[in-house]
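Colleague: my questions concern the predicted model and sequence given below.
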Amino acid sequence: MTGWGGAVAGEAAAEVVLAAPAAYAGALLERLAPELTPDVPAQLAEVVAAEGGPGLVLAAADAHSLTDRQRDRLFTRIERLDDDRRGTALAALYRSTRDPALLHRMAASPSAGALVEALLARGAIVNALIRPLAGHPEIDARLVRRRDDTLTAGEFARAALRLGPPPEVDATVDELRALAESDRTPEGLLALVDEHLADSDHLAFGVRLLERDATPPDWDAHLDRHARAPLPVRLRLLLLHRHDCPPAVARALLADGDGGASLGPSGRRRLPEVAALVLDRGLLGADEVLAAARPVRRLMRLLEPGSPRRDRNAAARREAVRAALAKAVAGVSPERLRAAARLAPAFDGTLPELLDAAGARHPADAPAPAALAFLALLLEGADADVCAAATAAVGSPLLERLVTARRRVPAPAPRPGGTPPRRALPCLTALRTGDDTAAREAFRVRADALLRTPDAWAVAARLLPGFDDTLDAWLAVSAAVVRPQRSPDRT
């Protein structure tokens, strides 16, 4: 039996299932199961979740190459399985999942009991894995007995209180109650930041510590504290990483202020980091970020080109913010944009507040260099005629260079040259993942004409590995192999 982990048969079976008519998916998955197990190819996970039988669903649950979305779809299917292996499948999916939101969803589902039973049956499991399942007596007992540094003091206290507390816990109930709230409040989390996260390199540890806790922070307490004195940036990042962070909290945490100063000289320059996380996690849209972030001048870094190697989301984020900026300045006059740029270096409000404050103020003198940079940012999203008028009115060569650099449209990347692969399998993969819709449609029409049944597609899948010729030749040979197998009365 061959699988996806380096075996050509699994890759070929996956490509054929994806290329065949959707109506054949269930039948093909059944016929090709030996080639697809023990590790279902990642690109097939959603098809398996919709059409696959219990055996394939179980195999997919144990695959490590799936995306969070694919695991979420599989979890929905596994929950509906009427099979004594459901707990095993849930445990496999849980162990391979890194998405805290899905872990907590699984922990809160009606199937959580079967999941806990299957996990505990495997024996050697660590607290870091089972923390989202806190609240189940067996899990609480294990957390209390085997406390380590992946468990906060608050988590330990809450587990102990739910258990009674056990005799081995050397603390009174009142002490445990106080401790149980210690990591839910701003003061408690600030203490955690001071203790564990004094160096920003340790942020990843803090994220892991907070995001898997079964008990959420006290969001209202954090909003109140932030309104009085803005929370340090690292604490804001921790809160935003929580899978259940409400959009209202994300919106409030975009307000910067003196709270960033407690992190040192760079603290006030990290609002873009907060805004970037809000966008990447989908907590707010780019237009909402521009409307809520203050002071807006600190968001300029979101429009700077990022390194794809260091930040794979930078380009998409920049385009989203640029589109939102264009929407925000649509219809605003060149004079008002110049006034807004002049106010921006000392303005502590949001972009809408800045444009309102600019109002009818039309300063005659040219903006300072810092204001010119912000004006270039505003003009990046402005209409071409507004951009030209504002640039001409200022008459600054520096502004012209800044605007030209920001509004330059990058040239499309050249298509890779060379002869396309001749072997049918890489050709089929390239056809599926490429953008040549005409070629895909032509292939579909020819395939539908030659391979008219799930059996025909299954035969084609078994011929595909190593087939050293074109896609058309592969389809023709597959059809020729299938044709003699038909009985005389079949058409």
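Modeller: In hand now; what should we look at?
Colleague: got any ranges where the stretch 101-250 of the chain has weak pLDDT?
Modeller: Residue ranges of the stretch 101-250 of the chain with pLDDT under 70: 124, 193, 195-203.
Colleague: mind doing that once more with 80?
Modeller: 122-125, 149-150, 190-209 (pLDDT under 80).
Colleague: how near is W474 to D436?
Modeller: Note on W474: its distance to D436, by Cβ to Cβ, to the nearest Å, is 18 Å. From N, CA and C alone the C-beta is placed, and that goes for glycine too.
Colleague: and these two? which has more neighbours close in?
Modeller: Between W474 and D436, counted using other Cβ atoms under 10 Å, the more crowded position is W474 (22 against 11).
Colleague: what's the burial count for the residue lying closest to that one once chain neighbours are set aside?
Modeller: The spatial neighbour of W474 that comes closest, neighbours along the chain excluded (Cβ to Cβ, 6 or more residues apart in numbering), is A424 at 4.0 Å. By other Cβ under 10 Å, 26 other residues sit near A424.
Colleague: give me the pLDDT for A424.
Modeller: What the model reports as pLDDT for A424 is 83.
Colleague: got a list of what it touches?
Modeller: By Cβ atoms under 8 Å, 6 or more residues apart in numbering, the contact list for A424 reads 464, 467-471, 473-474.
Colleague: show the buried residues in those.
Modeller: Neighbour counting with 16 or more other Cβ atoms under 10 Å marks 464, 467, 471, 474 as buried within these.
Colleague: tell me the phi and psi of the last one?
Modeller: In other words, W474. In terms of degrees, to the nearest 10, the main-chain angles of W474 are phi -60, psi -50.
Colleague: make 41 the starting number, not 1.
Modeller: All right, first residue 41 from here; so that's W514.
Colleague: enumerate every residue touching it.
Modeller: W514 touches 464, 500, 503-504, 507, counting by Cβ under 8 Å, 6+ apart.
Colleague: restricted to helices, list the residues you listed.
Modeller: Counted as lying in helices by DSSP state H, out of those, are 464, 500, 503.
Colleague: what about R268, distance to V329?
Modeller: 23 Å.
Colleague: list the buried residues in the one helix or strand A432 maps to.
Modeller: Under the criterion of DSSP states H and E, A432 resides in helix 424-434. For helix 424-434, a neighbour-count test (16+ other Cβ under 10 Å) marks 426-427, 429-431, 433-434 as buried.
Colleague: relative to helix 424-434, how tilted is the helix or strand that comes right after it?
Modeller: The helix or strand immediately downstream of helix 424-434 is helix 437-447, counting by DSSP H and E. Interaxial angle, helix 437-447 versus helix 424-434 (axes from the mean of the first three to the mean of the last three Cα atoms, to 10 degrees): 160 degrees.
Colleague: need the residues that contact helix 437-447.
Modeller: By Cβ under 8 Å, 6+ apart, the list of residues contacting helix 437-447 reads 343, 409, 412-413, 415-417, 419-420, 427, 431.
Colleague: again, only using 7 Å
Modeller: 409, 412-413, 415-416, 419-420, 427, 431 (Cβ atoms under 7 Å, 6 or more residues apart in numbering).
Colleague: and these, which is the shakiest by pLDDT?
Modeller: Least confident by pLDDT among the contacts of helix 437-447: that is P409, with 70.
Colleague: so who does the residue nearest the centre of the chain touch?
Modeller: Closest residue to the average C-alpha location of the chain: R321 at 6.1 Å, with Cα atoms, centre = their mean. Contacts for R321 (Cβ under 7 Å, 6+ apart) come out as L280.
Colleague: measure it to I179 for me?
Modeller: Following Cβ to Cβ, the distance that separates R321 from I179 is 27 Å.
Colleague: do G93 as well
Modeller: For G93 relative to I179 (Cβ to Cβ), the value is 31 Å.
Colleague: what about the two, which has more around it?
Modeller: With neighbours defined as other Cβ under 10 Å, G93 and I179 compare such that I179 has more, 24 against 14.
Colleague: can I assume that one is in contact with V156?
Modeller: Yes. Under the contact definition of Cβ atoms under 7 Å, I179 touches V156, with a separation of 6.2 Å.
Colleague: which residues do these two both contact?
Modeller: In contact with both I179 and V156: L173, using Cβ under 7 Å, 6+ apart.
Colleague: beta partners of the closest residue to A254 other than its chain neighbours?
Modeller: Setting aside the residues directly before and after it, A254 is nearest to A174 in space (Cβ to Cβ, 6+ apart), at 4.0 Å. Beta-bridge partners for A174, by DSSP bridges, are H176.
Colleague: roughly how far apart are A174 and D180?
Modeller: Counting by Cβ to Cβ - A174 and D180 are separated by 6 Å.
Colleague: how about G506?
Modeller: Relative to D180, and taking Cβ to Cβ, G506 is found at 54 Å.
Colleague: the more surrounded of the two?
Modeller: Set G506 next to D180 and count neighbours by other Cβ under 10 Å: D180 wins out with 25 against 11.
Colleague: where do the helices sit along the stretch 291-440 of the chain?
Modeller: 311-320, 326-332, 354-369, 374-383, 391-398, 409-420, 424-434, 437-447 (DSSP state H, counting those that start in this stretch).
Colleague: which one of the ones in helices among the contacts of W514 is nearest to A292?
Modeller: Proximity of those to A292 (Cβ to Cβ) peaks at A464, which lies at 55.8 Å.
Colleague: what segments of the stretch 91-240 of the chain are strands?
Modeller: Assigned by DSSP state E, counting those that start in this stretch, the stretch 91-240 of the chain shows no strands.
Colleague: distance-wise, check the residue lying closest to A381 once chain neighbours are set aside relative to R337.
Modeller: The spatially closest residue to A381, leaving aside those adjacent along the chain, is L415, at 3.4 Å (Cβ to Cβ, 6+ apart). L415 is 11 Å from R337, where distance means Cβ to Cβ.
Colleague: just V443 next, same as before
Modeller: 17 Å.
Colleague: same question for G325.
Modeller: 21 Å.
Colleague: returning to that earlier point: would you turn the contacts of W514 into TSV with distance to A261?
Modeller: Formatted as TSV, the contacts of W514 follow (distance: Cβ to Cβ, whole Å):
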residue	distance to A261
A464	61
A500	61
L503	64
L504	59
F507	64
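Colleague: closest to T255 out of those?
Modeller: Scanning the contacts of W514 for proximity to T255, where the rule is Cβ to Cβ, the winner is L504, at 51.1 Å.
Colleague: so for the closest one, what's the pLDDT?
Modeller: 83.
Colleague: look up the closest residue to it, ignoring the ones flanking it.
Modeller: Per Cβ to Cβ, 6+ apart, closest to L504 is A52, 3.9 Å.
Colleague: just to revisit the earlier point, what about R268 and V329, which has more around it?
Modeller: Neighbours per residue, other Cβ under 10 Å: of R268 and V329, the larger number sits with V329, 27 against 10.
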